[in-house]
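In: curious how this folds, go ahead:
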Amino acid sequence: MPQIVPIRDLKDTAKISQLCEESKEPVFVTKNGYGNLVIMSMDVYEDLSPYNYVMGRLEKSEEDVANGNVMDAFEGLEEIRAKYDL
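Out: Just a heads-up that it's a prediction; the model follows:
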């Protein structure tokens with residue numbers, strides 16, 4: 001369930017920080033009853049960030065190449081075609 005807090009609660013930064021850490025999701029901040037801000041822990045941000053997702057996949061790919069876990073593209077395509085009867 002998303003956490004929603006009024007902007008006046010941001011005065012208690014320790015409480016907001018704890019809420020962000022415990023909720024493991026973005027916390028929505030309202031101003032005059034309307035959405036205004038979204039805050040989250042660094043861990044949640046890193047998990048949700050598309051940039052970090054892509055960089056993580058690139059790092060994994062580089063590790064695969066370094067470990068020799070590669071195959072010829074034509075062989076890979078042949079395996080896919082055989083697997084899916086294409």
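
In: who's in contact with the helix or strand hosting residue 19?
Out: Using DSSP states H and E, the element containing residue 19 is helix 13-23. Here helix 13-23 makes contact (C-beta atoms under 8 Å, 6 or more residues apart in numbering) with 3, 5, 9-10, 27, 39-41, 43-44. From N, CA and C alone the C-beta is placed, and that goes for glycine too.

In: can you do 6 Å?
Out: 3, 10, 27, 40-41 (C-beta atoms under 6 Å, 6 or more residues apart in numbering).

In: quick one: average pLDDT of the longest helix seen in the chain?
Out: Ranked by residue count, the top helix of the chain under DSSP state H comes out as helix 50-66. For helix 50-66, mean pLDDT rounds to 92.

In: which parts of the very next helix or strand once past that helix are buried?
Out: Next along the chain after helix 50-66, taking DSSP H and E as the criterion, comes helix 73-83. For helix 73-83, the neighbour count (16 or more other C-beta atoms under 10 Å) marks no residue as buried.

In: run the chain-centre distance for helix 73-83.
Out: 31 Å (C-alpha atoms, centre = their mean, to the nearest Å).

In: likewise for stretch 66-76?
Out: 28 Å.

In: could you dump it to PDB, C-alpha only?
Out: Only the C-alpha atoms of stretch 66-76 are listed here, as PDB (Å, rounded to 0.1, in the frame of the first residue of the first chain):
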ATOM      1  CA  ALA A  66      35.200 -12.000 -19.400                       C
ATOM      2  CA  ASN A  67      34.200 -15.500 -18.200                       C
ATOM      3  CA  GLY A  68      34.000 -16.900 -21.800                       C
ATOM      4  CA  ASN A  69      30.200 -17.400 -21.500                       C
ATOM      5  CA  VAL A  70      29.500 -16.400 -25.200                       C
ATOM      6  CA  MET A  71      28.400 -17.900 -28.400                       C
ATOM      7  CA  ASP A  72      28.400 -17.100 -32.100                       C
ATOM      8  CA  ALA A  73      25.400 -15.100 -33.100                       C
ATOM      9  CA  PHE A  74      24.500 -17.400 -35.900                       C
ATOM     10  CA  GLU A  75      24.600 -20.400 -33.700                       C
ATOM     11  CA  GLY A  76      22.400 -18.600 -31.100                       C
END
